[in-house]
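[1] sequence and computational prediction follow.
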Amino acid sequence: MTIFHWILLAGFVICLLSCLYHFFMALPAGKDIDYATPDAKTRQAVVYSFTKAMSPKKKETAFMHLPTYTAGIFYHLGTFLSLFLVIFIFFNVSFPTWLAYSIIVFLAFTSICGLSILIKRMTSSLLKNLSNPDDYFSNILVTGFQIITAIYLLLNTGLEYYFIITTILFLYLPIGKLRHTIYFFTARLHLGIFYGRRGTWPVKK
Amino acid sequence: MAGEKVIIMAKNNSLTEKQKKALKLLKSRLNGRLLTHLNSCVHCGLCGESCHYYLATKNKNFIPGKKVDIVSSIYQRYHTLAGKVAPRLYGAKDFNDKTVEELIDIVFGACSMCGRCSVHCSIGVDVPYIVRTARSMLVEMELVSPGLQSTVDAAINTGNNMGIPRDEFVDTLEWLSEDLEMEVEDEDASIPLDKKGVDILYTLNPREPKFFPLSISAIAKIYYAAKENWTLSTNVYDVTNYAYFSGDDKGAKELTERLCDEMSKLEAKTLVLAECGHGYRAIRWEGPNWIERPYPFKVISVVELIGDYIRSCRIKLDPSLNKLPVTLHDPCNMVRGGGVIEVQRFVIKNAVENFIEMMPNRANNFCCGGGGGQLAMSEYAERRIKSGKIKADQIRKTGAKIVATPCHNCIDQLMELNKEYQLGVEIKTIGELVADALVLEEKSN
Ligand code: SF4
Ligand code: SF4
């Protein structure tokens, strides 16, 4: 293990602990007790919240903005894939050439998706009005992470740069907007519980 | 005026006592749910089209994400390390005069807390919950919109939000009771007042005795047909709870406790709520949390009760008595925020010949623009009417001649929209439609 391995490992541990902290703080507990008698089963609603309610057919934010929505989905897939690849790169596991090239092409595409979202944020007056520097930085960081993952797989060199960028990503993730990695799940959970108790999700007959 | 009060606050970074109180309240409310929603928005900006304020005005500050952002930015600034260390990077904002003024305009003047955006949000941010939290902060600063505050004050000080004196209320009900007796040609028919040991304690929106007594007559006729054992209280009858809208939990609790006390005083079994969207949500769903205990009685909407009457054949309806095409406006707090979604459709379909759904509907319905206490805040009236254009367009598209809605608040707004956008429709409660379709049993001997 090189010093960069250790740095990355430390970054990962800090990230994990911070994320766990955020996650447990955001779970329903204590002051979240709801004294109103529920009208329906919440478990079903929580499942609905994570599944059907997320379907692009149900969400205006998806079906009215299909290009952005699709770009967002691919961008997130690229991020998850890159995060998954950290394990392999950390342990120096090599891929068959066809697989490596497939991943590179996919990550190139998802990075373009990320860049297109960044350009939209920089040019749309509505988004500029809503954005703060963290929104731009987070996008650049994540897109950069995908690009450097692809470059490393392609050239098999520059491991130190890859480790540094990945460490920065890990350290930044729980602080800025990227913390929605955790809060997305608790938001769906809380919304599912909220609409579930009341019988709004799924509709009480 | 709220604006004047803002000016006397201390400059920028030095927090006034009131600002400190507001931040303290925010801190005290930081449970898992609030933490989640304050931290979730990704600023994707895709929610504009879900909000009638943005759709009608195209004002960039009215997209739901922006409303979340202003509250979240204050939270970031005072309750997160990142916001304290690098506020600019995270868009964390000082809680100063400018922010407070912006906050007032956004949370009182540009959001009806309808929750439509939450259903469609990319993440699932509960926008009305955040907006109400911000309103509660403004309660701490005594910066609630004056019209809304006076509605809450009237309810707390006089027992009903319109300040109707008890004698006047009793007179109206006695007159309506005599009317009912004549209409159904039965001297036993009446509107029972303060009767003990009943199955049902019925509540009213004070606008009914004041301006729309016929909606009370309609429900009384339905109760008569169903041979219901019911009563109205002459002391505690107000179904509304504008403290829910203003963000005043103490006031909301006080109003809820009064209803609970009246239920036990009259030894009633079920509390039946008049057709009122926010009243349903406030009493059915929020009330137990304000009083921090579950109710020892059942709470239902009168629409649910009518649904039960139809299913159990306690009342008989003839839809041919309502020939004109009818559409339904779903009140946000009763439907999306309350879960009463299908029963009003079942009732209307049994009461009218031609029912046309408005599109979109149910949990996707658009707010009429009158929710969130907007009707009480005259300073935002122009914006309210403008934002109602989305609803007016929806109504026009149905081609219906009658718009039914189980909410008196919505009725007020729909009446204004009817006039402003020349819709040429009639606005009715569900109870009125049902009463018009009632087939009364011939009284034997
Ligand atoms: S709750 Fe309703 S009014 Fe408020 S931002 Fe969301 S859609 Fe708009
Ligand atoms: S859709 Fe949701 S996450 Fe996106 S800007 Fe609107 S409130 Fe924020």
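    Yes, it's here. Numbers count the residues shown, from 1 in each chain, chains lettered A, B, ... in the order given. Ligands and ions are numbered 1, 2, ... in the order given.
[2] pull up the per-residue confidence for residue 60.
    Since no chain was named, I'll use chain A. For residue A:60, the model assigns a pLDDT of 96.
[3] um, chain B though
    Reported pLDDT for residue B:60: 97.
[4] wait, doesn't it sit right on residue A:124?
    No. When contacts are counted by C-beta atoms under 8 Å, residue B:60 is not listed as touching residue A:124 (9.8 Å). Where C-beta positions appear, they are placed from N, C-alpha and C, glycine not excepted.
[5] list the contacts for residue 34?
    Defaulting to chain A. A:193, A:197, B:288-289 (C-beta atoms under 8 Å, 6 or more residues apart in numbering or on different chains).
[6] chain B, not that one
    B:129-130, B:133.
[7] okay, the residue of chain A found nearest chain B and ligand 2: tell me how far apart.
    Of the residues in chain A, the one nearest chain B is residue A:132, at a distance of 3.0 Å by C-beta to the nearest C-beta. Here residue A:132 is placed at a distance of 12 Å from ligand 2 (C-beta to the nearest ligand atom, to the nearest Å).
[8] which residue is the nearest non-sequential neighbour of residue B:60?
    residue A:129 (4.5 Å; C-beta to C-beta, 6 or more residues apart in numbering or on different chains).
[9] tell me, how many residues neighbour residue 145?
    In the absence of a named chain, chain A is used. For residue A:145, the number of neighbouring residues by other C-beta atoms under 10 Å in any protein chain shown comes to 24.
[10] ah, I was thinking of chain B
    Neighbour tally, residue B:145, other C-beta under 10 Å: 25.
[11] which residues touch the residue nearest to it when sequence neighbours are not counted?
    Closest residue to residue B:145 apart from its sequence neighbours, by C-beta to C-beta, 6+ apart: residue B:377 at 4.3 Å. Neighbouring residues of residue B:377 by C-beta under 8 Å, 6+ apart: B:108-109, B:145, B:147-148, B:384.
[12] quick one: residue B:377 and residue B:112, what's the gap?
    According to C-beta to C-beta, to the nearest Å, residue B:377 stands 10 Å off from residue B:112.
[13] next, give phi and psi for residue 92.
    In the absence of a named chain, chain A is used. Here is the backbone geometry of residue A:92 (degrees, to the nearest 10): phi 60, psi 40.
[14] how close does it sit to residue A:166?
    14 Å.
[15] and the two? Which one has more around it.
    When residue A:92 and residue A:166 are compared for neighbours, residue A:166 comes out ahead with 25 against 8, by other C-beta under 10 Å.
[16] what sits against that one?
    A:8, A:11, A:86, A:145, A:148.
[17] which ones among the residues you listed lie within helices?
    Using DSSP state H, A:8, A:11, A:86, A:145, A:148 are the members of the contacts of residue A:166 that sit in helices.
[18] any chance of those in JSON lines, plus distance to residue A:138 and pLDDT?
    Shown next, in JSON lines, are those (distance: C-beta to C-beta, whole Å; pLDDT from 0 to 100):
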{"residue": "A:8", "distance to residue A:138": "19", "pLDDT": "97"}
{"residue": "A:11", "distance to residue A:138": "16", "pLDDT": "98"}
{"residue": "A:86", "distance to residue A:138": "18", "pLDDT": "98"}
{"residue": "A:145", "distance to residue A:138": "11", "pLDDT": "98"}
{"residue": "A:148", "distance to residue A:138": "16", "pLDDT": "97"}
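[19] many thanks, have a good one.
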